[in-house]
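J.: attaching a predicted model along with its sequence, questions to come.
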Amino acid sequence: MDPFRLCLALGPVAVYVLLLGTLNLSRRPLLVSGTRDAAALGLAVAGFVVVGPMELFFPDAAASVFRASSVWILLLSFYGLCLVLVLLLLRPRLIVYNMSVDQLRPLLADLVGELDGEARWAGDSLSLPSLGVQLHIEGTATMRNVALVSVGPKQNYVGWRHLELALAPVLDQVEVTRNPRGASLVGAGVLIGVMLVMAIARNPEAVAQALFEMLRL
């Protein structure tokens, strides 16, 4: 693969890995919605979509009528719309970075008692009837992240948003130890970035030529 397409494919991945590593090295947990988490992943793999199926199935007939740059804008817009559709179809969930299940559960137990007097626990599952929320706690021990995943199709999105807004300030007051595995993610992101910079510096003419070829100039 030429340096330009290599940067296009791995550049967003390097940024995504660096972001994950930074989050896991923080001394504060971070709460994000499942929608935002999936959107970040969708942007991270966008480069692979461009150099893969988009370029492979590029409509040359359309490029002969319109400018190739206009066709690329339409293709990228189509990918963006597909990503938005996937995000809209996802069931609600919340992701807590840099915190274990054992650390999150007592905080969540205290909070749900204030949010819903009818809250019920069943193992790692929680039901909040007043909010219309039913969830299951899933932990990732290696990265020390926790996901609050919806259980069942009947979910109240307003209730999930209410839970997110109530949980965020609680987590802001918690201080945790840094996850040492975050350093490996940061190192991997930096390594990929350095590799891409060196690939561009080694042969900038090839990068320009590949860009012209992609834009059909």
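T.: Yep, it's here. Remember, it's a predicted structure, so these values are computed and weren't measured experimentally.
J.: state the distance from Leu43 to Leu19.
T.: Distance, Leu43 to Leu19, using Cβ to Cβ, to the nearest Å: 11 Å. The way it works is simple: take the backbone N, C-alpha and C, and place the C-beta from them, glycine included.
J.: same check, this time on Val176
T.: 18 Å.
J.: for Val32, same thing?
T.: Distance from Val32 to Leu19, by Cβ to Cβ: 11 Å.
J.: likewise for Pro59?
T.: For Pro59, the distance to Leu19 - Cβ to Cβ - is 34 Å.
J.: comparing those two, which residue is more hemmed in?
T.: Leu19 (16 against 13; other Cβ atoms under 10 Å).
J.: residues contacting that one?
T.: Ala40 (Cβ atoms under 8 Å, 6 or more residues apart in numbering).
J.: can you check Val32 too?
T.: Neighbouring residues of Val32 by Cβ under 8 Å, 6+ apart: Leu94, Ile95, Tyr97.
J.: narrow those to those in strands?
T.: Cross-referencing those against strands under DSSP state E gives Leu94, Ile95, Tyr97.
J.: give me the contacts around stretch 140-155.
T.: Here stretch 140-155 makes contact (Cβ under 8 Å, 6+ apart) with 20, 24, 34, 91-101, 104, 125, 132-139, 160, 163, 179, 181.
J.: ok, and the most crowded of the contacts of Val32?
T.: Tyr97 (24 neighbours).
J.: I'd assumed Asn24 was in contact with that residue.
T.: Yes: with contact defined as Cβ atoms under 8 Å, Tyr97 reaches Asn24; the gap is 6.6 Å.
J.: low-confidence ranges in the protein?
T.: In the predicted model, the chain carries pLDDT under 70 at residues 1, 216-217.
J.: residues contacting Arg120?
T.: Leu126, Ser127, Pro129.
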